[in-house]
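Asker: Fold the following, please.
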Amino acid sequence: MRSAFIGTIIDKSIARTSLILFKPFSLKKWFFLLTIAIFSGAIGGGGNGGGSGGGFDQEKAEAAQINSSMFPVT
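Answerer: Below is the predicted model:
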């Protein structure tokens with residue numbers, strides 16, 4: 001049975017990642033990765049992070065406060 005050490009695996013994966021991203025350096029590849037990151041929501045704060053949606057929403061609370069101050073109930 002082959003044994004694998006976590007340090008060796010991490011070192012090899014870092015070397016492989018730097019090889020893919022930087023050798024040869026290509027702007028086309030980086031723009032492609034940027035486009036994927038934007039559409040996935042990784043850049044720009046897309047999404048609410050999951051969850052049940054039953055938590056406190058600061059934006060909704062502020063909007064309700066603004067609406068109630070503009071249109072008071074008499």
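Asker: Heading C-terminal from the longest helix seen in the chain, find the next helix or strand.
Answerer: Ranked by residue count, the top helix of the chain under DSSP state H comes out as helix 6-22. The element immediately downstream of helix 6-22 (helix or strand, assigned by DSSP states H and E) is helix 27-40.
Asker: quick one: that next one to helix 6-22, angle?
Answerer: Following axes from the mean of the first three to the mean of the last three CA atoms, to 10 degrees, one obtains 110 degrees for the angle between helix 27-40 and helix 6-22.
Asker: for the record, mean pLDDT for stretch 10-18?
Answerer: Averaged over stretch 10-18, pLDDT sits at 93.
Asker: hang on, the earlier thing: now tell me what touches the longest helix of the chain from outside.
Answerer: Helix 6-22 is contacted from outside by Lys29, using CB atoms under 8 Å, 6 or more residues apart in numbering. In this view, the C-beta of every residue, glycine as well, is placed from N, C-alpha and C.
Asker: can you rerun that using 10 Å?
Answerer: Ala4, Phe5, Lys29, Trp30, Leu33 (CB atoms under 10 Å, 6 or more residues apart in numbering).
Asker: I'd like these laid out as TSV, including pLDDT.
Answerer: Listed next are the contacts of helix 6-22 as TSV, based on pLDDT from 0 to 100:
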residue	pLDDT
Ala4	74
Phe5	85
Lys29	89
Trp30	90
Leu33	88
